[in-house]
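1. heads up, no residue letters with this:
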Ligand code: SF4
Ligand code: SF4
Ligand code: SF4
């Protein structure tokens, strides 16, 4: 494929296909809280989860197709109101729900569903993108024993799951995490490794091709850049790098602006020219699995600080002069100002306490000579 294929009119031809599971009108997949865990056990090798393997195969197929598929986490918190009416002999004439007995008898499953909701910090019925949901679960639940093997080992009333000590969940959760650079470097060689047994890697060829085309276009052909506000700051954190990074185009874009501070830059929300080669970038959906939520707020926070609208276009030098003038530190944006981590997908960046912005300001990086 030659460089001409970067033409926006033809861009879709080089993309992964879009999934029917995405889109604003897609109805979230409803999954019981503890079945989310059973899906991990199955991915880790369990063939006989108590819920039946068919119960989680559809979920695993959806995760594989689209890592950001919306999931509605269910837990039955309404049956307890009917239980009171059932147990209390003088309840009067009020009817019990038709499916009351099955729901009431499933108290052990209902407890596990609520444990998962508690770990996620959500009310039953909440919807989360699958990637954000599982990364939060993996961060907060080291092993399924504390959910699935808590009762008396001999109890018939609160039976333990026979797989709780088998290590299936832990095999997926504890596989050595790999950096974004490692993921992009290795591609499909990581298939089946930890979380990549549940979520599909981009292929190495796909990412290499994207890197070659997008970096070449930036270096040789682009006379107008399209960059999300957050990445204007990330370029400062990587300003000492001289060689291109395998996982993104931060270095190429910074150098292009250093060479030509008059080049127009349009501030776009969401993924941008930086993202094409990245493993957690889904080209068909134009979404970043790891930052899709938090970087939207950061983009808008930066635009507010710069007093610019999404889609505003400025010469690169003027843009950076404005950044140096109006943003005091990375902590203001990348650490939310208060450093608070409420949940995995709102985490401050590890580099937020760094001084890259101050050093770039002192150097006049890209903005040199701009009044
Ligand atoms: S240990 Fe828990 S999560 Fe795993 S299969 Fe059994 S019930 Fe499901
Ligand atoms: S602190 Fe993190 S998010 Fe912020 S600019 Fe640096 S690399 Fe980007
Ligand atoms: S925003 Fe996401 S997709 Fe883009 S380079 Fe960063 S991690 Fe990769």
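-> Looks like it arrived, so ask away. These numbers come from a predicted model, not from an experiment. Ligands and ions are numbered 1, 2, ... in the order given.

2. and the residue of the stretch 51-200 of the chain nearest ligand 3?
-> The nearest approach of the stretch 51-200 of the chain to ligand 3 comes at residue 180, 6.0 Å away (Cβ to the nearest ligand atom). For every residue, glycine as well, the C-beta is placed using N, CA and C.

3. return the distance of the helix or strand bottoming out on mean pLDDT in the chain from the chain's centre.
-> Least confident helix or strand, the chain: helix 79-87 with a mean of 83, by mean pLDDT, DSSP states H and E. The chain centroid and the centroid of helix 79-87 are separated by 39 Å, computed with Cα atoms, centre = their mean, to the nearest Å.

4. likewise for stretch 37-52?
-> Relative to its parent chain, stretch 37-52 has a centroid offset of 23 Å by Cα atoms, centre = their mean.

5. just stretch 310-317 next, same as before
-> In terms of Cα atoms, centre = their mean, the centre of stretch 310-317 is found 27 Å from the chain centre.

6. quick one: contacts of it?
-> Stretch 310-317 is touched from outside by 225, 257, 260-269, 299-300, 303, 308, 322, 366-370, with contacts defined as Cβ atoms under 8 Å, 6 or more residues apart in numbering.

7. could you tell me which of those residues count as buried?
-> 225, 257, 261, 263, 265, 267-268, 299, 303, 308, 322, 366-367, 370 (16 or more other Cβ atoms under 10 Å).

8. out of those residues, who's nearest ligand 2?
-> Checking the buried ones among the contacts of stretch 310-317 against ligand 2 by Cβ to the nearest ligand atom gives residue 299 as the nearest, at 11.2 Å.

9. and that closest one, what helix or strand is that in?
-> Taking DSSP states H and E as the definition, one finds residue 299 inside helix 294-306.

10. so what are the sheet partners of the next helix or strand after that helix and their directions?
-> Using DSSP H and E, the helix or strand that follows helix 294-306 towards the C-terminus is strand 313-315. Under the criterion DSSP bridges, strand 313-315 sits next to strand 264-267 (antiparallel) in its sheet.

11. and the next element down the chain from the strand it pairs with?
-> Next in sequence after strand 264-267, counting helices and strands by DSSP H and E, comes strand 281-282.

12. now do the SS call for residue 201.
-> Here residue 201 is coil, with the state taken from DSSP: H, G, I helix; E, B strand; the rest coil.

13. pretty sure it is touching residue 279, no?
-> Yes. Residue 201 is within contact range of residue 279, at 6.5 Å (criterion: Cβ atoms under 8 Å).

14. shared neighbours of these two, which are they?
-> Common contacts of residue 201 and residue 279, defined by Cβ under 8 Å, 6+ apart, comprise 183, 187.

15. more neighbours, the two?
-> A direct count of neighbours by other Cβ atoms under 10 Å for residue 201 and residue 279 places residue 279 higher, at 26 against 20.

16. and the pLDDT for the more buried one?
-> Looking at residue 279, its pLDDT reads 92.

17. contact partners for it?
-> By Cβ under 8 Å, 6+ apart, the contact list for residue 279 reads 180, 183-184, 187, 201-202, 207, 247.

18. so which of those are in helices?
-> Judged by DSSP state H, the contacts of residue 279 include 180, 183-184, 207 as members of helices.

19. with adjacent residues omitted, what lies nearest to residue 44?
-> Leaving aside its sequence neighbours, residue 44 sits nearest to residue 168 (Cβ to Cβ, 6 or more residues apart in numbering; 3.5 Å).

20. I'd assumed residue 94 was in a helix, is it?
-> No. Remark: residue 94 does not belong to a helix; assigned using three-state DSSP, it is coil.

21. any idea how far residue 58 is from it?
-> From residue 94 over to residue 58 the distance is 36 Å, taken as Cβ to Cβ, to the nearest Å.

22. those two: who's more crowded?
-> Neighbours around residue 94 and residue 58, counted as other Cβ under 10 Å, are more numerous at residue 58. The numbers are 12 against 8.
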